[in-house]
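Asker: Model the structure of this input:
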Amino acid sequence: MYRVYFDMGVFTYWSEESLESRRLISRGGVLVSDEAALQSVNDGTEPIDPDIIELLNNLLRDGFELNVCDSCTTAELKKKLSLYGIDSMFTTVMGSKSPNALSGKMSKVRGREDFSMFVGSNDLMIEAADLCQMPVIAYGENMSEIERDPFCWALYPLEVEDQIHTCIVIHEVAKRVIEKNARILGIDGIEFAGKKFFTAKLGRYFDLLGKDYDVVDLEDYHRAVEQSYKGENPVESYYFNGFNYDKLISEVLKPFSKAGEIDKVVYCLDSGNDSFVNERHYKLSQEGVLILIGTMMYREPLLRYFDATVYMRVDYRESEHRASLQDTPVYGDDPVEVYKSKQIPAQKMYIQRHDPFDGRDFVIDNSNYHRPFFIN
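Answerer: Here you go, the predicted structure:
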């Protein structure tokens, strides 16, 4: 079961996007402020943001159970929901001024295998969600008032929907890692597939669950340029010689696999001065998971070390577009051309030789990074 909890602030807040639309369509250019929208909703003279209604309907259509919790009484909450005309959308309504009491109520509703997420801006409700180890989407513009770090942020209803679906993907990956007791998780995909961004969100989810983790980036183990480009064919040279797998295996993967833990400083190559001066400190307990991110990894000699695997797919045109948005060129004077002439052909060679889709725990399409989804 997928469950989403809302506080009442979600229903009384009009996003800037919705206000702008209302200014143009409903008010003939007359300014409508957040405060005016809030007051009109609370006194029943105006409906709530129609984009919120669409959000709720979309979640119900997708099979979510919707619930409400806030720091007033349950009776008051039900009265307000009825006034807004949305009371029939919610399965459970619960109120309390105590985060501990609300946490207990939410825990009774929440099943052990369920996915649950909280959306709102009430600090007490966020504390209650934290106590339940529930990811939080902080909604609205006044997030500076929220003392705790949420799982993510949203400024308008469509973004809330995107973040919920993204978090479900994160949840399923984390769940599989924990169920398999995986010690080394691989996240592979072409450059600019969004691996680092996805890993950062997965890390936040592990933090929420109290799961120890550390991240190793294959890019830290690249070889010197003259080794990566040696030979007549630059694509094959990059494919076969681009990364120093021996160093990664001997200094990180093999020691961690053997001991089950690691607390070690490794010095990686700085291509600027061709010396091993980039310091990386990896520290993991016996219960931790090492997340290795990189490209073209699901082949020997790395393949044998993974306990769980994710492959992130992205359309090649989209990856080229993302490469073009880099502030600092990372592949030379013309990063897009180098990317198209070296990275993409090498990735195609990799797919033809090894089929990174086959045998993976998850294949995720991240062509739209706002809404990743499973394709296996």
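Asker: what about the strands in the protein?
Answerer: Using DSSP state E, the strands assigned to the chain run over residues 2-6, 65-70, 92-95, 115-120, 136-139, 152-154, 184-189, 213-217, 262-270, 275-284, 289-294, 308-313, 362-365, 373-374.
Asker: Can you spell out which helices and strands pack onto the third one?
Answerer: Read it as strand 92-95. If you count contacts as 3 or more Cβ pairs under 8 Å, 6 or more residues apart in numbering; DSSP states H and E, strand 92-95 packs onto strand 65-70, helix 74-84, helix 99-109. (C-beta placed from N, C-alpha, C; glycine too.)
Asker: Of these, flag the one that's most buried.
Answerer: Ranked by mean neighbour count, the helices and strands packed on strand 92-95 are led by strand 65-70 with a mean of 23 (mean count of other Cβ atoms under 10 Å).
Asker: any idea of the angle it forms with strand 2-6?
Answerer: On the basis of axes from the mean of the first three to the mean of the last three Cα atoms, to 10 degrees, strand 65-70 is oriented at 30 degrees to strand 2-6.
Asker: Flag the shaky bits of the stretch 51-200 of the chain, pLDDT-wise.
Answerer: 111-112, 142-148 (pLDDT under 70).
Asker: how about 80 then?
Answerer: Across the stretch 51-200 of the chain, the ranges flagged by pLDDT under 80 are 109-113, 141-149.
Asker: quick one on the thing from earlier: could you look over the strands of the chain and pick the most buried one?
Answerer: strand 136-139 (a mean of 26).
Asker: What strands line up against that strand, and which way round?
Answerer: Using DSSP bridges, strand 136-139 pairs in its sheet with strand 115-120 (parallel), strand 152-154 (parallel).
Asker: Same list (those) but as JSON lines, adding distance to residue 169.
Answerer: Output for those, formatted as JSON lines (distance: least, Cβ to Cβ, whole Å):
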{"stretch": "strand 115-120", "distance to residue 169": "10"}
{"stretch": "strand 152-154", "distance to residue 169": "13"}
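Asker: So which of the helices and strands packed on strand 92-95 is nearest residue 157?
Answerer: Nearest to residue 157, of all the helices and strands packed on strand 92-95, is strand 65-70, at 13.5 Å by Cβ to Cβ.
Asker: Specify the angle between that closest one and helix 99-109 in degrees.
Answerer: Interaxial angle of strand 65-70 relative to helix 99-109 (the same axes, to 10 degrees): 160 degrees.
Asker: what packs against strand 65-70?
Answerer: Right, strand 65-70 is packed against strand 2-6, helix 50-61, helix 74-84, strand 92-95, helix 99-109, helix 123-131 by 3+ Cβ pairs under 8 Å, 6+ apart.
Asker: what about the ones you listed, which gets the closest to residue 18?
Answerer: It's helix 50-61; of the helices and strands packed on strand 65-70, that one is closest to residue 18 (Cβ to Cβ) at 5.1 Å.
Asker: Could you pull out the buried residues of that closest one?
Answerer: Using 16 or more other Cβ atoms under 10 Å as the test for burial, helix 50-61 gives 51, 52, 53, 55, 56, 59.
Asker: Out of those residues, the closest to residue 71 would be?
Answerer: Closest to residue 71 out of the buried residues of helix 50-61 is residue 52 (19.8 Å), distances taken as Cβ to Cβ.
Asker: The closest one contacts residue 11, doesn't it?
Answerer: Yes: contact criterion Cβ atoms under 8 Å: residue 52 and residue 11 qualify, at 6.2 Å.
Asker: ends of stretch 361-374, how far apart?
Answerer: 10 Å (Cα to Cα, to the nearest Å).
Asker: Next: stretch 302-312.
Answerer: 17 Å.
Asker: Just list the residues touching residue 50, thanks.
Answerer: Going by Cβ atoms under 8 Å, 6 or more residues apart in numbering, residue 50 touches residue 18.
Asker: could you pull out the helices for the stretch 201-350 of the chain?
Answerer: Along the stretch 201-350 of the chain, the stretches classed as helices by DSSP state H, counting those that start in this stretch are 225-228, 234-241, 245-248, 254-259, 316-324, 335-338, 344-354.
Asker: quick check: angle from the fifth one to helix 344-354?
Answerer: So that's helix 316-324. Counting by the same axes, to 10 degrees, helix 316-324 lies at 140 degrees to helix 344-354.
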